[in-house]
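> When you get a sec, could you give me coordinates for this:
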Amino acid sequence: MTSLLQDKVALITGAASGIGRATAQLFAREGARVVVADINEAGGQETVDGIRAAGGDAIFVRADVGRMDDVQALVQATQDRYGCLDILHSNAFAHRRGNALEISEADWDFSLNVSLKATWMLARHALPCMLAGGGGAIVITGSVHALRGYAKYTAYQAAKGGLLALTRALAADFAPTIRVNTILPGAVVTGAWADVSESQLARVAEMCPLKRNAAPEEIAQAALFLASHMSSFMTGTYLIVDGGLTAVIEVPGDL
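Predicted structure coming up:
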């Protein structure tokens with residue numbers, strides 16, 4: 001432990017599993033008091049229990065980040081418990097697949113509410129406290145889908161592309177007090193891949209130069225970098241953590 005976040009208060013959404021859980025655990029080891037938010041109550045409490053068992057300080061708050069009232073209550077619960085907020089990690093996502101002809105309006109709205117609108121709602125309610133406290137960092141989990149086209153992901157890609165624009169807007173509006181940056185992960189092996197076979201995972205891994213998929217802990221390290229003073233001169237930008245996927249076009253060796 002290097003105590004990079006000593007005495008900071010961090011709110012992390014989607015923290016019942018995957019990247020969110022790994023980030024909550026890492027932030028707690030680095031000295032932060034952590035608010036774990038998710039709709040998965042059992043998983044969220046497991047994250048909290050693990051942090052507390054390791055000597056950290058954390059609470060769980062159930063919240064559907066696609067709903068304004070839940071987001072408002074989540075930020076209020078954070079302030080009620082810890083009195084302040086230094087780091088906001090908007091990490092939760094949900095989406096429905098389909099191209100523009102296949103996806104329904106309800107599925108489009110669901111995808112955009114959780115994967116894009118939620119970040120604005122979180123910022124809207126968290127920023128007053130963060131500004132009053134003298135500053136802080138917002139870290140957003142985006143995706144390489146913001147940079148590359150993938151079939152059947154119309155709503156998800158619109159949401160992730162929108163997060164990059166929102167990152168720039170928030171950074172411009174609230175600098176120099178608040179820094180805002182986004183992580184663009186590639187393929188990360190989380191519970192969202194539970195129905196994907198080992199052979200399919202291997203095929204995905206072969207798409208990137210490092211020839212493997214990421215562990216959630218590797219994305220958490222990027223979140224720590226952006227949340228801490230290590231990235232003190234960064235705002236309004238993004239950090240790609242994708243094993244080289246978006247940097248290289250794979251071609252047959254004989255071409």
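
> Quick check: Asn113 vs Arg96, distance?
Applying CB to CB, to the nearest Å, the value for Asn113 to Arg96 is 11 Å. Every C-beta, even on glycine, is put in place using the N, C-alpha and C of the backbone.

> What count of nearby residues applies to the residue lying closest to Ala171 once chain neighbours are set aside?
Spatial nearest neighbour of Ala171, chain neighbours left out: Gly236 (3.2 Å); criterion: CB to CB, 6 or more residues apart in numbering. When neighbours are defined as other CB atoms under 10 Å, Gly236 has 16 of them.

> Gly236: what's it in contact with?
Gly236 is in contact with 167-168, 170-172, 175, 180-181, counting by CB atoms under 8 Å, 6 or more residues apart in numbering.

> Repeat the analysis, applying 7 Å as the threshold.
The contact partners of Gly236, taken as CB atoms under 7 Å, 6 or more residues apart in numbering, are 167-168, 171-172, 180.

> again, but for Leu184
Leu184 makes contact with 142-144, 146-147, 238-242, according to CB under 7 Å, 6+ apart.

> In terms of secondary structure, what does the helix of greatest length in the chain contact?
Using DSSP state H to define each element, the chain has its longest helix at helix 154-174. Packing partners of helix 154-174 (3 or more CB pairs under 7 Å, 6 or more residues apart in numbering; DSSP states H and E): helix 105-112, helix 118-132, strand 136-141, strand 178-185.

> Flag every buried residue along stretch 180-199.
180-190 (16 or more other CB atoms under 10 Å).

> Just the CA atoms from that stretch would do, formatted as PDB, please.
C-alpha atoms of stretch 180-199 as PDB (Å, rounded to 0.1, in the frame of the first residue of the first chain):
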ATOM      1  CA  VAL A 180     -12.400  14.600 -15.300                       C
ATOM      2  CA  ASN A 181     -11.000  11.700 -17.300                       C
ATOM      3  CA  THR A 182     -12.200   8.500 -18.800                       C
ATOM      4  CA  ILE A 183     -10.800   4.900 -19.100                       C
ATOM      5  CA  LEU A 184     -11.300   3.000 -22.300                       C
ATOM      6  CA  PRO A 185     -10.900  -0.700 -21.500                       C
ATOM      7  CA  GLY A 186     -10.700  -3.400 -24.100                       C
ATOM      8  CA  ALA A 187     -12.000  -6.900 -23.300                       C
ATOM      9  CA  VAL A 188     -12.100  -7.500 -19.500                       C
ATOM     10  CA  VAL A 189     -13.000 -10.800 -18.100                       C
ATOM     11  CA  THR A 190     -15.900 -10.100 -15.700                       C
ATOM     12  CA  GLY A 191     -19.200 -11.600 -14.800                       C
ATOM     13  CA  ALA A 192     -20.700 -10.000 -17.900                       C
ATOM     14  CA  TRP A 193     -18.800 -12.700 -19.800                       C
ATOM     15  CA  ALA A 194     -20.300 -15.500 -17.900                       C
ATOM     16  CA  ASP A 195     -22.100 -17.000 -20.900                       C
ATOM     17  CA  VAL A 196     -19.100 -16.800 -23.200                       C
ATOM     18  CA  SER A 197     -17.200 -20.000 -23.800                       C
ATOM     19  CA  GLU A 198     -13.500 -20.400 -23.300                       C
ATOM     20  CA  SER A 199     -13.000 -20.800 -27.000                       C
END
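
> Just the mean pLDDT for it, thanks.
Averaged across stretch 180-199, pLDDT comes to 85.

> now stretch 164-176
98.

> what's the answer for stretch 206-224, then?
For stretch 206-224, the per-residue pLDDT averages 94.

> What residues does the most centrally placed residue in the chain make contact with?
Closest residue to the average C-alpha location of the chain: Asn91 at 2.4 Å, with CA atoms, centre = their mean. Counting by CB under 7 Å, 6+ apart, Asn91 makes contact with 12-15, 19-20, 23, 141.

> Looking at these, which is nearest Ile249?
Thr141 (25.4 Å; CB to CB).

> Would you check that the closest one makes contact with Ile19?
Yes: counting by CB atoms under 7 Å, Thr141 does reach Ile19; the two are 6.2 Å apart.

> Alright, calling it a day.
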